[in-house]
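[1] Fold the following, please.
(chains A and B)
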2 protein chains.
Amino acid sequence: MDQPRYLLGLDVGGTKIAAVVADGPGDILAKIRRPTPAALGPDAIVAEMTDMLTEVAGAVEIGPLDAAALGVSFGGPYDPVRGVVRDIPNLPDWGGVPLLRLLSDALPGVALAIDNDANAAALAEWRFGAGQGAEHMLYLTMGTGIGGGIVSDGRLYRGLRNAGGEVGHTVLVPDGAECGCGHRGCLEAYASGPAIARRAIEKLEAGEGVEFADALRDAGIALLELKTESIVEAARDGVTFAMDHLADTAFYMGWGIANAVSILAPEVVVLGTVATAAGDMFMEPLRRRVVDMAMPGVGDATRVEPAGLGDLVGDYAAIALAVDALAP
Amino acid sequence: MDQPRYLLGLDVGGTKIAAVVADGPGDILAKIRRPTPAALGPDAIVAEMTDMLTEVAGAVEIGPLDAAALGVSFGGPYDPVRGVVRDIPNLPDWGGVPLLRLLSDALPGVALAIDNDANAAALAEWRFGAGQGAEHMLYLTMGTGIGGGIVSDGRLYRGLRNAGGEVGHTVLVPDGAECGCGHRGCLEAYASGPAIARRAIEKLEAGEGVEFADALRDAGIALLELKTESIVEAARDGVTFAMDHLADTAFYMGWGIANAVSILAPEVVVLGTVATAAGDMFMEPLRRRVVDMAMPGVGDATRVEPAGLGDLVGDYAAIALAVDALAP
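    Sure, this is the predicted structure:
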C-alpha cells in the first residue's frame, strides 16, 4: 500500500457535484461534474456520488475501493461529531442524514473525512494555497455569504457544533442592514457578494454615481439586476463610483477582519471570491484598515492575502480533507 | 518521584509577587507575598523569586528543587517561543529579559512554564474554575484592561506572538472613545473598569443621575474620583442611574462577546472582575445581548458565566501553568 496512493474527493453543492482523483501529494489528475439530483433525496445523491467516484477513479485505472482516502466538502452545515448533516435550505430532505455512515458503508476500508465547504476550503488554502506553512490562518470567502474557517497548528479550529469561524456574522452596526441570519448589522450584510450589489443599488437609487447609472442604462442592465461582478469590472475600468464603492466595502471588510485578527492573531488571513477578483484596488485599502483597527503589534504582523486556489478551491478542499483523513 | 509531587507557582505583577505551593491535584497549601522590587531590575527580581520559592516550599518541608514543576503567571506580554519578556511599561527594564533561561538556571530539573497573566488565568478557570471540562472556552477579565485567553481542546490558543484573545481591542465604534492602545472605539474603551467609571462621570457631568451625583457629594466623593466599585455598589443598592449604567455597559460587553462567540464558538465564556462583582444584574442583560447578536445557533448554545476563582485566580493561574509544564 505504499507507492501510488490515490485520493478521492467530492465537492457537493446545491446545484452540482464534482468528483476528483488526486495523487498522494494532492495533484489533481481527473475531474468530472454532474448536476446534484437534489429533488430525489439523500439516497439518490449518495448513489450518484459513488457512481461518480467509480467513474473518476477509472481515469487512473483503479476502483473507488482502491483509493486510500475520500474527502467530502459539503455545501452546508455538517456536524462532524455525529457525522450528520444539519438542516439546510438549499438541499431539501438532507437534515439529519448520516452522511458519514452512508459513505463508509459504500466504501469500506477507505479513510473518510467530511466537513462543510468553508472549513474544507480553509484547509485547502492552508495545505495547497495562500496559507501554506502558516501556524495560524483565517480563511474567509466573500461569496453569497461570508464563510470562514480557522486553521491552527495544522488542524481546523472547529468550536462548539463545528460553528466557529463565522466572522461574517460578527455585528458591526447594531440595528444596521438586515442579514440573512435574521440579525442586523452583520459584516455579511455589508460585504458579501449580494450585499455589495445591494449597497451599490441603494446608492445609485439615491442619485449617486450618475455616470455609472447612465452607462448601465446604455448597456441595457436594469438597476436591480446589477451584479457585484459588474461593479468589480467597472472599478477595474477606472469608473469612480465603482472604485469608491469597493473602497467603502473594504472599510467594512477590513473592520470585520481587524476584529477577528485581534482575537485570533493569525499569521495570515486568506480572502477568496470578490477579494481575489478585485485585486489590489480592494486589498490595499483593506490592509490599511486592518492595521488601523486591529490590536497594535498584531494587525501589522498579520499578512492579508488573496486566495491562491481560485476556481479550483472546491476540488482542493475535498482533497485536503482526504489528506486529513489519513493523518494519524 | 510518584506520591507527593508538589507544584510551585509565582504570580508576578507590577507591584507585588505571590509565591504558592500546591499538591499534585492543585490544592494550594501555602502562599507568601512580597512587593515587586521593580526598581532594582530583573536580576534582583529573579533572586527575590527564588528566595520566595525557597520560603514557600519550606512550608511543606521541601526545597524548591524538590518540586515537580513551577508555573509563572507574568503580568505583562511574554513571548513563549523565545522565553523572553516583551517591553512593558509597568515593569521597567524587563524588555528582552530571558525569564525562561534565568529561572531554568536557578531551578535545574524543575519543569517550567511561563505565560502572561491573561492566558494563565484562562487556563486556571478552565482547569479549576468556571470553565472546567469545556472543550472550547473564552476567558475575559474586566479589570484595568479587558484581557483574554482562549483554551481549546485543553490547550491555550496563542496565535502569532502569543497575541491572541485580545477581544478588548476589537473595535465596536470607529472614531469612538480613545483606547489605551492608541486606537479608537475598542471594547476596552467602553467596558474596562476605568472606562465604566469614565463613562459614568461623563454622564453625571452632562447632568444625568442628579440623585446619584447628590449622594456622592454628600458622601464627600469628588466626581473625578468615582470608581467602578462604587457604581457597582450603588447598583446593588438599587440606585437607578447606576443600574442603568451597568445595563449600558452590558450592551457593549455583550456586543464584544457576541462577536467573539461567532468567531470562536466557545462552549463557555468566563468573565472575571467587574462581571463577578456585579452579578446577575449585569450578567442577565449581557447574556440576552449575546443571544441577540451572536450567530444564531451559536449564541444561544454558549454559556456566559462569572469566573469561579475570584481573588485566588492569580494563585491558581500559576499552578495551572505548573500542571501544564508536566503535561506530555
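[2] ok, now how distant is A:G180 from chain B?
    From A:G180 across to chain B, the span is 10 Å (Cβ to the nearest Cβ, to the nearest Å). C-beta here means a position set from N, CA and C on the backbone, and glycine is covered the same way.
[3] Same check on A:A307?
    19 Å.
[4] now swap in A:T54 and tell me
    From A:T54 to chain B the distance is 36 Å (Cβ to the nearest Cβ).
[5] Same question for A:L138.
    9 Å.
[6] Look at that residue and give its secondary structure.
    Assigned by DSSP: H, G, I helix; E, B strand; the rest coil, the conformation of A:L138 is strand.
[7] Just give the closest residue to A:E48, not the sequence neighbours.
    Spatial nearest neighbour of A:E48, chain neighbours left out: A:P37 (5.6 Å); criterion: Cβ to Cβ, 6 or more residues apart in numbering or on different chains.
[8] Check A:I221 too.
    Take A:I221 and drop its neighbours on the chain: the residue closest to it by Cβ to Cβ, 6+ apart is A:S230, 6.9 Å away.
[9] Show me the shaky parts of the stretch 51-200 of chain A.
    The stretch 51-200 of chain A contains residues with pLDDT under 70 at A:89-92.
[10] Just give me the neighbour total for A:A222.
    8 (other Cβ atoms under 10 Å in any protein chain shown).
[11] What pLDDT does the model give it?
    Looking at A:A222, its pLDDT reads 93.
[12] Next up, phi/psi of the closest residue to chain B within the stretch 51-200 of chain A, please.
    Residue of the stretch 51-200 of chain A nearest chain B, by Cβ to the nearest Cβ: A:G159 (2.7 Å). For A:G159, the backbone dihedrals (degrees, to the nearest 10) come out as phi 70, psi 180.
[13] That one: neighbouring residues, count only.
    The number of residues near A:G159, taken as other Cβ under 10 Å, comes to 23.
[14] Then A:P98?
    Per other Cβ under 10 Å, the neighbour tally for A:P98 reads 14.
[15] For it, which non-adjacent residue is closest in space?
    A:V84 (5.2 Å).
[16] Make sure A:R198 is indeed in a helix.
    Yes: applying three-state DSSP, one finds A:R198 inside a helix.
[17] returning to that earlier point: going by secondary structure, the residue nearest to A:I221 is in what exactly?
    helix A:228-236 (DSSP states H and E).
[18] about what we covered before: any idea how far the residue nearest to A:I221 is from A:A177?
    21 Å (Cβ to Cβ, to the nearest Å).
[19] distance of A:R34 from A:I17?
    Distance from A:R34 to A:I17, by Cβ to Cβ: 6 Å.
[20] So these two - more neighbours on which side?
    More neighbours surround A:I17 than the other of A:R34 and A:I17, with 22 against 14 (other Cβ under 10 Å).
[21] those strands in the stretch 1-150 of chain A, which residues are they?
    A:7-12, A:16-22, A:28-35, A:69-74, A:78-79, A:84-85, A:111-116, A:136-140, A:148-152 (DSSP state E, counting those that start in this stretch).
[22] Tell me the residues of the stretch 1-150 of chain A that contact chain B?
    A:135-136, A:148, A:150 (Cβ under 8 Å from any Cβ of the partner chain).
[23] Can you find which helix in chain A contains the most residues?
    Longest helix in chain A by number of residues (criterion: DSSP state H): helix A:240-264.
[24] Is it positioned near chain B?
    Yes: on the criterion Cβ under 8 Å from any Cβ, helix A:240-264 is in touch with chain B at A:255, A:258-260, A:262-264.
[25] hang on, the earlier thing: residues that sit against both of A:R34 and A:I17, list them.
    Common contact partners of A:R34 and A:I17 (Cβ atoms under 8 Å, 6 or more residues apart in numbering or on different chains): A:48, A:52.
[26] Near chain B, which residues of the stretch 201-328 of chain A? Just list them.
    A:255, A:258-260, A:262-267, A:292-298, A:301-302.
[27] If you count neighbours, what's buried in stretch A:279-295?
    A:281-283, A:285-287, A:289-295 (16 or more other Cβ atoms under 10 Å in any protein chain shown).
[28] One more: stretch A:106-114?
    For stretch A:106-114, by 16+ other Cβ under 10 Å, it's A:106-107, A:110-114.
[29] before we move on, what about stretch A:64-75?
    In stretch A:64-75, counting by 16+ other Cβ under 10 Å, buried: A:64, A:66-75.
[30] same check, this time on stretch A:220-230
    Quick answer for stretch A:220-230 (16+ other Cβ under 10 Å): A:226, A:228, A:230.
[31] How far does that stretch stretch from one end to the other?
    13 Å (Cα to Cα, to the nearest Å).
[32] neighbouring contacts of that stretch?
    For stretch A:220-230, contacts defined as Cβ under 8 Å, 6+ apart pick out A:193-194, A:196-197, A:200-201, A:204-205, A:213, A:216, A:274, A:277.
[33] Nothing else from me, thank you.
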